[in-house]
Every structure is written in C-alpha cells, then in structure tokens.
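>>> no sequence on this one, just coordinates:
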C-alpha cells in the first residue's frame, strides 16, 4: 500500500472534504418534506437488507429468550403440579404480562425496536413494522406500561417512532378522572428533571395532587383516549396566576423498550383505559 | 498490496457491517456496545487518503442519518470530520503502532458522539455531560477494544502494518 508522503492531505483531498462538509450542512438544512422522503428512500433501498438482518437478529434473540422462559415455565409447571396455588399464581402473572394484547383486541401491530448506536436514539427509533403491517403515520406507540410515542414516518416494512422524549413531542392529556386537561411535553434536557414530562396549560384554580395518573385525552384525534402517560410528581411552575405546569414522571422510559405495540384501526379511537388497568405492569416499559 | 489482501480487507469490513446489524443488539446496553460501523470506517481510513476517507465518512453518516432521523445530516457531518481527521492524523502520528491505533478508535468514536451531540442540539446540560463523560467514553472503550482485537487478528492480512505495541 502507498505510504509516506501520500498520507498528507492534497488539495484534492481538502476539496473533497470541504464538499462533504457542505453537503452535510445542506442535509441538515433540508426541510422535513425533503429529508423524510430521502431518508425513506435510503431505508427502502440501501438499508433494506441490513434492517431485515437486524429484524431477524432481534427475532432470534427474542426466540431464545422465549425458549429459556418456556423451559423455565415448563420446569415451574412440573414443580407446581404438586403445588396448585403456586401454579395459579404463575398463570396469573403470565396472563398479566400477556394481557395487553388481549385487552386491546384487534387493531394493534407488535414490533421490535431496531436500536442504533447514536446518542439521539432514545428520541427517535426505527421499529420493525411498516405499511405492509398496517401502520399509519401518527399512530400511537405503546408498551404495557403506557405511551412510548407516535409514528412519524412509515416505510414498507419499517417505521420511524418519535418518542415522548423528543423536544417536539406534544400530546393532549388529562387526569385519570377527567377533571383536568392540559398538554404534555418533555420537561427539558438539563438538571435532575431530564427524562421527565410536563403537564402544561392547567388552569390555576385546578389543583392536581401528586400521584395523579395522567392519560391521553383523545382531543385532537391523534392519540386515542386513555393511554397512561405518567404520574404527577409536583408543580414545576406557575404563569402569572392563570395557569400551572406540573412535573410528570413518565410511565415508560424509551431506552428500556425493546418491543412495542402500534395501535391501528378506527376501532381504537375509543377509550383505552380498560386496556391499561391501574397496578398493571411496572415502569419497565417493556413488553414480555 | 496483494490482490488477496484487498479482498480480505473488504471481507473484514463486510463482517463488521454484519456484526453491526446482527450482533450489536445483543451486546448489552445500547449506549455502551461497540459501534462496528464506525470501526469499519476508521479501519478504512487507516489505508485510505483523507479525501476518499471523508467521502466514505459522508456516505456512512448519511446512511446512519436515515436510521436516526432526529437530526438528519448531523451524522454525515460527524462521520466526515472523524474520517478526514483520522486519515490526516496518520501523517502526524506513528500509525503502525497497535496502541496508537487503539487510541485512534477511542478518539474517533468519542469525537463522533461529541459532534452528533453538539450539532444536533437535542442534548444539553446534564444530559450532554452524561453523554460525553460517561456513555461516550464507555462506547469508545468497547469500540477501541474490538478495533485492537480486529487489527491483532487480521492486521497482517489487511495491509495495515503494525509495529510492536
């Protein structure tokens, strides 16, 4: 291989470098209407085999985990055959883990999260379901614990999900009893409050006690009503005596999610509170 | 360079791409697992001139931007900068040393994350500090360790000359 003096950057090298930098800056400046289709084109052509490979890898990984779980369950069943109450308890636990899909009935698509290595992967990520599976833009993305985000772009077999941690995420929300309405947005990216949400625009005369469960309200028709978003943990600010902003601890952490369900179909525009009963799965945010 | 060396080099790069999409997800925390794609790019810069390295960095970054659309174009910029600097730095440093190449992999990964975090504008304050001082160094460390292992195992077949580390 050539070595020595040719390692120094020549004028042509510098020009290529500057050209690439300018193209990168141009890509950063592209409007959403251009960058979205361009990124979709890359995902559907150059990246399609690699995304398929990653999806298969995730399936194999999940299958191995399920196999180990099944083996453990089989052993447990053999042991519990002599201890019927323990067997019933095990069954109840597994039913609760698997219950979300049953409670939702039809109108959802399960998908694996295809994670990437960059620091912003908790803000948006690609999932292994797309138009072929019935996914549509703006569909709600949930885990058994609650809201993960919404679909921002749909390809043939993959989709891009914007999580609630993305600075531009907004959702119409309400208290679990329907007494208070507001807008939920990310709290920010600094200090101890990072990875928290804010419930904004609550009328000053309406107090929301700590521990109140916050759900999607369904207003606006984007997200279905009744998906848990998080719980109120305190007041974060007041605006001139006419509104309060509350701090909300999210029900799901995007970085902890490996499998999600994408809600589809017109039947899910109803109230989903019954699909997310209080005291359900914890805050792991991960499906079984 | 022998023709067989060239083929082996691209086979190793292809292997790293497969590892990125097929294995990386099983290597634990996503923020710490080695970045095989960036490692492949840095290995390419060990042999290539700065211009082609910058071009390869731009293409790799653009492809990655399609997978993390939170900040489209930032990945292309970061990978272009890292690839060009890595290829140019061979003129300054003694690039045949395994230890120096390990540092190159470490610094390349960290600088890539620095540029992505800074240019995207999505990470600020404490989150930026955690990313740059905790998660990025850990990911850089694992990437450098894999890079050193790859060079140690295949270096003689990749036309990358290594002296005593």
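Happy to help now that I have it. A quick note: this is a predicted structure, and the numbers were derived from the prediction, not measured.
>>> Where do the helices of the chain begin and end?
This is for chain A. A:11-29, A:32-44, A:48-80, A:84-104 (DSSP state H).
>>> try chain B instead
Under DSSP H, chain B gives helices at B:3-22, B:36-47, B:50-67, B:74-89, B:98-120, B:125-130, B:136-154.
>>> Now look at the shortest one and say if it contacts chain A.
Yes. In this structure, helix B:125-130 sits against chain A according to CB under 8 Å from any CB of the partner chain; the contacting residues are B:125-128. All C-beta atoms are positioned from the backbone trio N, CA, C, and that covers glycine.
>>> out of the residues you listed, which one sits closest to chain A?
When the residues of helix B:125-130 next to chain A are compared for distance to chain A (CB to the nearest CB), residue B:125 wins out at 2.8 Å.
>>> what about that closest one, neighbour count?
Close neighbours of residue B:125, defined as other CB atoms under 10 Å in any protein chain shown, add up to 13.
>>> try residue B:127
20.
>>> can you check the one 5 residues further on too?
Here the neighbour count serves as a burial measure; for residue B:132 (other CB under 10 Å) it reads 17.
>>> Wait, it touches residue B:113, no?
Yes. Using CB atoms under 8 Å, residue B:132 makes contact with residue B:113 at a distance of 7.0 Å.
>>> For stretch A:33-41, which residues meet the burial criterion?
Buried residues in stretch A:33-41, counted by 16 or more other CB atoms under 10 Å in any protein chain shown: A:35-36, A:38-40.
>>> Keep only those that also lie close to chain B.
Applying CB under 8 Å from any CB to those, those adjacent to chain B are A:35-36, A:38-40.
>>> Which of the residues of helix B:125-130 next to chain A sits closest to residue A:15?
Closest approach between the residues of helix B:125-130 next to chain A and residue A:15, by CB to CB: residue B:128, at 32.9 Å.
>>> In the stretch 1-150 of chain A, where is pLDDT below threshold?
Residue ranges of the stretch 1-150 of chain A with pLDDT under 70: A:1-9, A:79-84, A:86-87, A:89-106, A:117, A:121.
>>> Give me the pLDDT value at residue B:53.
As predicted, residue B:53 sits at a pLDDT of 93.
>>> need the contact list for it.
B:44-45, B:83-84, B:86-87 (CB atoms under 8 Å, 6 or more residues apart in numbering or on different chains).
>>> which of the helices of chain B sits most buried?
Counting by mean count of other CB atoms under 10 Å in any protein chain shown, helix B:74-89 has the highest mean neighbour count of these, with a mean of 27.
>>> residue contacts, residue 42?
Went with chain A since none was named. Neighbouring residues of residue A:42 by CB under 8 Å, 6+ apart: B:62-63, B:66.
>>> Switch to chain B, please.
By CB under 8 Å, 6+ apart, the neighbours of residue B:42 are B:82-83, B:86, B:104-105, B:108, B:147.
>>> Looking at those residues, which one is closest to residue B:39?
Of all those, residue B:39 sits closest to residue B:147, with 5.1 Å by CB to CB.
>>> I'd assumed residue B:103 was in contact with the closest one.
No. Counting by CB under 8 Å, residue B:147 stays clear of residue B:103, with 10.1 Å between them.
>>> JSON lines for the buried residues of stretch A:33-41, including distance to residue B:119?
Below are the buried residues of stretch A:33-41 laid out as JSON lines (distance: CB to CB, whole Å):
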{"residue": "A:35", "distance to residue B:119": "15"}
{"residue": "A:36", "distance to residue B:119": "19"}
{"residue": "A:38", "distance to residue B:119": "18"}
{"residue": "A:39", "distance to residue B:119": "17"}
{"residue": "A:40", "distance to residue B:119": "22"}
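>>> between those residues, which is closest to residue B:37?
Minimum separation from residue B:37 among the buried residues of stretch A:33-41 (CB to CB) is found for residue A:39, which lies at 16.6 Å.
>>> Which of the helices and strands in chain B ranks last by mean pLDDT?
Ranking every helix and strand in chain B by mean pLDDT, DSSP states H and E puts helix B:125-130 at the bottom, with a mean of 78.
>>> Identify the farthest-apart pair in the buried residues of stretch A:33-41.
Taking CB to CB as the measure, the buried residues of stretch A:33-41 reach their widest spread between A:35 and A:40, a distance of 9.5 Å.
>>> Identify all contacting residues around stretch A:173-187.
The contact list for stretch A:173-187 (CB under 8 Å, 6+ apart) reads A:164-167, A:169-172, A:193-203, A:206, A:208, A:212-217, A:219, A:229-230, A:236, A:246-248, A:273, A:278.
>>> which of the residues you listed are buried?
Among those, those scoring as buried are A:164-166, A:169, A:171-172, A:193-202, A:208, A:212-217, A:229-230, A:236, A:246-248, A:273 (criterion: 16+ other CB under 10 Å).
>>> now, among the contacts of residue A:42, which is nearest to chain A?
residue B:66 (3.8 Å).
>>> Pull the contacting residues for that closest one.
Neighbouring residues of residue B:66 by CB under 8 Å, 6+ apart: A:38-40, A:42-43, A:47, B:72.
>>> from those residues, which two are the most distant?
A:47 and B:72 (14.1 Å).
>>> my guess is residue A:137 meets residue A:154, correct?
Yes. The pair residue A:137 / residue A:154 is scored as a contact, 5.6 Å apart, by CB under 8 Å.
>>> More neighbours: those two, which one.
The residue with more neighbours, out of residue A:137 and residue A:154, is residue A:154; 22 against 13, by other CB under 10 Å.
>>> thinking that one is in contact with residue A:131, fair?
Yes. Using CB under 8 Å, residue A:154 is in contact with residue A:131, at 5.2 Å.
>>> which residue sits closest to residue 26, ignoring its sequence neighbours?
No chain was given, so I picked chain A. Excluding its sequence neighbours, the residue lying closest to residue A:26 (CB to CB, 6 or more residues apart in numbering or on different chains) is residue B:73, at 7.5 Å.
>>> I was after chain B.
For residue B:26, the spatially nearest residue (CB to CB, 6+ apart) is residue A:61, at 5.5 Å.
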